[in-house]
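Trainee: sequence unavailable; structure follows:
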DNA sequence: CTGTTAGCGCGTTCAG
DNA sequence: CTGAACGCGCTAACAG
């Protein structure tokens, strides 16, 4: 199924014909075996494992406990799940994203949050199963096959998110998702940002610097979910400054694929971008990517053009000039998401959580004042 | 257990007292139910699921198949695992790394490869369980609890890797790991780079530009595993050019924590770095990080100092000047790793795989010639 | 070709 | 306080 051609330098790579090994030994330490060893019943062992001291004599408790440690007992999850217990798995689903047409892998935001999610999930005594791509149904199948206790869905588009809500039978926490009001009922969890306000602020800052001709750049040609909110924030700021926005002209939908995007940007630099003194980007990644193309085409940032990003991740710090951007706290996002998901797992349908974390304008070097 | 203080702006967050819901319904579609519906035995259904056409009449086959689709049957993994079948899980273990003291989250290399690994694992019909941190034993416990079929271990230090080999009862594929020769026996899989050669090449390139005073910078004070090999490559290139290396003076071990590292670098800029015309870094990440500190301290790169990275990831492209670096193909690494792990799963102990992928010198703008 | 049965490991009754 | 018995969903071995 994997179509790779391993024609790289291989140092040693011996091969033996069909060395079929019987692996029937099963080194698994089971409750039963522990019970045999100590000379008690499996139930007693189970009780010890679950710390039910009032059900086991102190003497036995000690002996069993010791045997468990000795043998490094690890409960078999399959057995556990089967006997109506939680699987202790949280599924994390990617790729219902604004950047869905390209491998999510390259998106620094997703990379970062996945790391933090894993950390939080592990700290709660759960395991994380990571799943990318596929349809909503596919994801839900995965979830039910493993009796997954909860799902984290990243950056789903409204339609997908709504399908998740309708079809799923388990707690779901969304991150950065906008759905129709009617879906926001008991059991709904979403952790997002004040996208509108964040983009309003940064646009407004540009306006305060004297900019009037400000464009808006996003991934893809559709403005939906997060990007839509950010666009609206930008639009509102412009409107409040007495500048109407023409979606046709002032919005630039950039291709997802790197090469195409660069080609398109190179073209824009020579044409439509000339009409602007500032550009608002929906992510640091995109802004930095454009920054390089602009610089390579002898645009000076910020002298010739001011640009702003969104995220305040490592990219905006490592670029030169450093990027003026909107900060979001990814770690907080992950923590809150898992916190509320755990609440929901332990106490279903108890709450509605729709968090919009504050953002913060980070003024750096990629923007300049038009006044003097 | 999670110690977070959700004192952020929360829009709506209602709460209800203990709305304890009975969720005993179990919407799970089981083989048994399908069997009842169609009016055949569970075995027949199982046979259809596994495509054993020769064991089921064509008529029944059709009827069952239809019912399965109709009901959107998904096999319960726990049952499957329990009855001696593979779990279809590949565990991916992080954090036995050269950068282990800090959250792996921030390391772009790990982020990237995790994404590609997930892709490959999924394409092989497996699931990925991601696990960070913890001891070798802990990781192996996880693996046995879930009857994990194979493990991918990223960036393990030699000692940990050797423990994995000794204790584990399942196929393991290492990435970027160096172990003692004696551990390289049937069943061993490692996919790494020509670290020595890569660093030799880049150092040699600097030498060819006329540099003689070249320093070496890595994470942490210990040179082990990958970093050790790279250091050796650097050392050898210097030796071949008639320059002996003093590990005390010419090696710079940088702190893992960002703040401390920046402080240390700021200090070095004013002192020891002055004695060098070029610096070799073990990663793009580190090189770019230092580049910024250097630039912020009015060092001009490459006029005052040439620097090189390792990885050729997005960082080396987005920096200004672009980084001269050593390219590795992360996608290839992931593909080969999973390819060979799958081989090993299906045909245990059949091979020894110790791949060292070629690297490629990428000459960009962060290095300059001392000749004229 | 089809159905019955046993057992995987665990947790939870329910009798002792 | 302890142990025997059952069932979760699935598969494989075995009868019919």
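Mentor: Sure thing, it's come through. Remember, predicted model here, so these are calculated numbers, not experimental data.
Trainee: which one is residue A:360 nearest to, not counting chain neighbours?
Mentor: residue A:327 (4.3 Å; Cβ to Cβ, 6 or more residues apart in numbering or on different chains). To be clear about C-beta, it is placed using only N, CA and C from the backbone, and glycine gets the same treatment.
Trainee: which residues of the stretch 151-300 of chain A lie near chain B?
Mentor: Neighbours of chain B within the stretch 151-300 of chain A, by Cβ under 8 Å from any Cβ of the partner chain: A:169, A:184, A:186, A:194, A:288, A:289, A:292, A:295.
Trainee: change it to 10 Å
Mentor: Within the stretch 151-300 of chain A, the positions adjacent to chain B are A:169-170, A:184, A:186-192, A:194, A:258, A:285, A:288-289, A:291-292, A:295-296 by Cβ under 10 Å from any Cβ of the partner chain.
Trainee: is the residue nearest to residue A:360 bridged to anything, and to what?
Mentor: On the basis of DSSP bridges, residue A:327 is bridged to residue A:311, residue A:360.
Trainee: next one: it from residue B:372, what distance?
Mentor: Residue A:327 is 45 Å from residue B:372, where distance means Cβ to Cβ, to the nearest Å.
Trainee: which ones are touching the residue nearest to residue A:360?
Mentor: A:193, A:198, A:310, A:311, A:312, A:313, A:316, A:358, A:359, A:360, A:361, A:362 (Cβ atoms under 10 Å, 6 or more residues apart in numbering or on different chains).
Trainee: any idea how far it is from residue A:201?
Mentor: Residue A:327 is 11 Å from residue A:201, by Cβ to Cβ.
Trainee: please enumerate the shared neighbours of the two.
Mentor: Common neighbours of residue A:327 and residue A:201 (Cβ under 10 Å, 6+ apart) are A:359, A:360, A:361.
Trainee: could I get those residues in TSV, plus columns for distance to residue B:224, neighbour count and pLDDT?
Mentor: As requested, those are exported to TSV (distance: Cβ to Cβ, whole Å; neighbours: other Cβ atoms under 10 Å in any protein chain shown; pLDDT from 0 to 100):
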residue	distance to residue B:224	neighbour count	pLDDT
A:359	41	24	97
A:360	40	13	97
A:361	43	15	98
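Trainee: so what's the residue count around whichever residue of the stretch 101-250 of chain A sits closest to DNA strand D?
Mentor: Of all residues in the stretch 101-250 of chain A, residue A:145 sits closest to DNA strand D, at 8.2 Å by Cβ to the nearest atom of the strand. Neighbour count of residue A:145, defined by other Cβ atoms under 10 Å in any protein chain shown: 18.
Trainee: how about the helix or strand in which residue A:111 is found: buried residues?
Mentor: Using DSSP states H and E, residue A:111 sits in helix A:108-123. For helix A:108-123, the neighbour count (16 or more other Cβ atoms under 10 Å in any protein chain shown) marks A:108-122 as buried.
Trainee: same check, this time on stretch A:74-93
Mentor: Here stretch A:74-93 shows A:74-82, A:87-93 as buried, counting by 16+ other Cβ under 10 Å.
Trainee: narrow the residues you listed to those in helices?
Mentor: Within the buried residues of stretch A:74-93, residues falling in helices by DSSP state H are A:77, A:78, A:79, A:80, A:81, A:82.
Trainee: wait, doesn't the fifth one sit right on residue A:127?
Mentor: No - taking contact to mean Cβ atoms under 10 Å, the distance of 11.7 Å between residue A:81 and residue A:127 leaves them out of contact.
Trainee: overlap in contacts of those two?
Mentor: A:87, A:88, A:89, A:146.
Trainee: how about the residues of chain A that lie near DNA strand D?
Mentor: A:39-44, A:47, A:54-60, A:79, A:82-84 (Cβ under 7 Å from any atom of the strand).
Trainee: how about a cut-off of 10 Å?
Mentor: By Cβ under 10 Å from any atom of the strand, the residues of chain A that approach DNA strand D are A:31-32, A:35, A:38-48, A:52-61, A:63-64, A:78-85, A:144-145, A:147.
Trainee: how long is stretch A:215-230 from one end to the other?
Mentor: 13 Å (Cα to Cα, to the nearest Å).
Trainee: flag every buried residue along stretch A:221-228.
Mentor: Those would be A:223, A:225, A:226, A:227, A:228, for stretch A:221-228 by 16+ other Cβ under 10 Å.
Trainee: all the strands of the stretch 251-372 of chain A, residue numbers only.
Mentor: A:251-254, A:278-281, A:306-308, A:325-327, A:353-357, A:360-362 (DSSP state E, counting those that start in this stretch).
Trainee: relative to residue A:70, which of the ones you listed is closest?
Mentor: strand A:353-357 (44.2 Å; Cβ to Cβ).
Trainee: Provide the strand pairings for the closest one, with the direction of each partner.
Mentor: Counting by DSSP bridges, strand A:353-357 is paired with strand A:189-193 (parallel), strand B:10-12 (antiparallel).
Trainee: which of the ones you listed has the lowest average pLDDT?
Mentor: The weakest mean pLDDT among the strands paired with strand A:353-357 belongs to strand B:10-12, with a mean of 39.
Trainee: before we move on, back to that, any of the residues of chain A next to DNA strand D buried? List them.
Mentor: Buried, going by 16+ other Cβ under 10 Å: A:31, A:35, A:38, A:40, A:44-48, A:56, A:60-61, A:63-64, A:78-82, A:144-145, A:147, out of the residues of chain A next to DNA strand D.
Trainee: so which of the residues you listed sit within helices?
Mentor: Short answer: those in helices (DSSP H) are A:31, A:35, A:38, A:44-48, A:60-61, A:63-64, A:78-82, A:144-145.
Trainee: I'd assumed residue A:240 was in contact with residue A:208.
Mentor: No - under the criterion of Cβ under 10 Å, residue A:208 is not in contact with residue A:240, lying 11.6 Å apart.
Trainee: quick one, helices of the stretch 101-250 of chain A?
Mentor: Using DSSP state H, counting those that start in this stretch, the helices of the stretch 101-250 of chain A run over A:108-123, A:136-145, A:158-167, A:195-208, A:226-240, A:247-250.
Trainee: looking at those helices, which is nearest to residue A:349?
Mentor: Per Cβ to Cβ, nearest to residue A:349 of these: helix A:158-167, 12.3 Å.
Trainee: so who does residue A:185 touch?
Mentor: Residue A:185 touches A:165, A:349, A:352, counting by Cβ under 10 Å, 6+ apart.
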